[in-house]
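> everything below, folded, please.
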Amino acid sequence: MIITRRIAARIALVVLVGVILQVSFFSYLSFFGATPDALTVLIASIGLLGGALVGAVTGFAAGLLLDSALLQVLGVSSLALLVAGYLTGRYREGFAVEGRLRPALLIGGVTLLATAIFAALQIMLGVSTQVSLLVFREIFVKGLLGTLLAFGIYPLVRRVFRGAIVDDPRPGSVRERPPVTATPAAPSRRAFSRRASRRRPRARSVSSVGRGPA
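Model prediction:
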């Protein structure tokens with residue numbers, strides 16, 4: 001992704017809208033005891049389009065903004081979102097991102113990993129979290145919801161930043177074959193002998209050379 005002032009401002013606006021929607025809308029939804037993590041899907045989509053550096057910086061900034069909005073320990077969400085943006089960015093830098101299923105599955109897997117990191121950090125920091133099978137079920141459901149959300153969020157983010165995305169072939173992609181051009185056929189021996197006989201000067205006979213003017 002080519003980062004300019006306009007693109008940087010657009011990224012900041014998209015992240016701000018994502019944090020607001022996560023806090024005010026998605027956090028009130030519940031599916032099988034888990035809330036959809038649309039912000040992680042958004043950061044993973046940006047990393048998948050912009051690269052590791054863009055994804056990591058965007059994820060860290062979004063995490064700080066989310067922790068500040070929820071009045072929780074600063075840095076927990078930042079680390080989880082930083083990992084999500086960095087991993088998807090590294091995948092883009094090494095492999096091709098094609099189709100609709102591959103990005104959705106990748107974003108879903110990264111969402112599952114970011115949720116596991118967030119839960120582990122909360123446990124290590126002493127936050128009151130019950131360690132049970134329900135935690136693993138919530139992590140799995142959030143990964144599944146992230147995969148479903150990616151089918152809508154990833155194309156939307158790609159449309160927003162389509163003017164700055166660099167689509168170049170990756171080592172894991174199938175490169176396009178060069179166009180086949182018709183090569184001129186080599187001249188035959190017969191045609192070559194004809195051209196040589198035309199260019200060769202005619203030899204004068206000895207008798208005509210010895211005769212003088214009458």
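
> what's the single longest helix in this protein?
Counting by DSSP state H, the longest helix found in the chain is helix 133-160.

> where does pLDDT dip in this structure?
127-132, 167-214 (pLDDT under 70).

> how does it look with 80?
1-2, 125-134, 163-214 (pLDDT under 80).

> residue 3 and residue 9, how far apart?
As judged by Cβ to Cβ, to the nearest Å, residue 3 and residue 9 stand 11 Å apart. From N, CA and C alone the C-beta is placed, and that goes for glycine too.

> for the longest helix of the chain, name the packing helices and strands.
Where contact means 3 or more Cβ pairs under 8 Å, 6 or more residues apart in numbering; DSSP states H and E, helix 133-160 is packed against helix 5-24, helix 38-50, helix 101-124.

> 7 Å - rerun?
Helices and strands touching helix 133-160, by 3 or more Cβ pairs under 7 Å, 6 or more residues apart in numbering; DSSP states H and E, are helix 38-50, helix 101-124.

> for residue 3 and residue 9, indicate the residue with more neighbours.
Legend: neighbour count by other Cβ atoms under 10 Å for residue 3 and residue 9, higher for residue 3 (14 against 10).

> what's the helix or strand for that one?
Following DSSP states H and E, there is no helix or strand that holds residue 3.

> the longest helix of the chain versus helix 5-24: what angle between them?
Between the axes of helix 133-160 and helix 5-24, defined by axes from the mean of the first three to the mean of the last three Cα atoms, to 10 degrees, the angle is 150 degrees.

> helix 133-160 to helix 101-124, inter-axis angle?
In terms of direction (the same axes, to 10 degrees), helix 133-160 departs from helix 101-124 by 130 degrees.

> buried ones in helix 133-160?
Within helix 133-160, the residues scored as buried using 16 or more other Cβ atoms under 10 Å are 135, 138-139, 141-147, 149-150, 153-154, 157-158, 160.

> kindly report the same for stretch 118-129.
By neighbour count on 16+ other Cβ under 10 Å, the buried set for stretch 118-129 is 118-119, 121-122.

> among those, which one sits closest to residue 61?
For those, the residue nearest residue 61 by Cβ to Cβ is residue 118; the value is 16.6 Å.

> roughly how far does the residue nearest to that closest one when sequence neighbours are not counted sit from residue 166?
Spatial nearest neighbour of residue 118, excluding adjacent residues (Cβ to Cβ, 6 or more residues apart in numbering): residue 80 at 4.4 Å. Applying Cβ to Cβ, the value for residue 80 to residue 166 is 27 Å.

> what about residue 65, helix or strand, and which?
In the assignment (DSSP H and E), residue 65 maps to helix 52-70.

> tell me what that helix is packed against?
Helix 52-70 packs on helix 5-24, helix 38-50, helix 76-94, going by 3+ Cβ pairs under 7 Å, 6+ apart.

> tell me which of those is the most buried.
helix 38-50 (a mean of 30; mean count of other Cβ atoms under 10 Å).

> so what's the gap between that helix and the chain middle?
Mean-position distance between helix 38-50 and its chain equals 10 Å (Cα atoms, centre = their mean, to the nearest Å).
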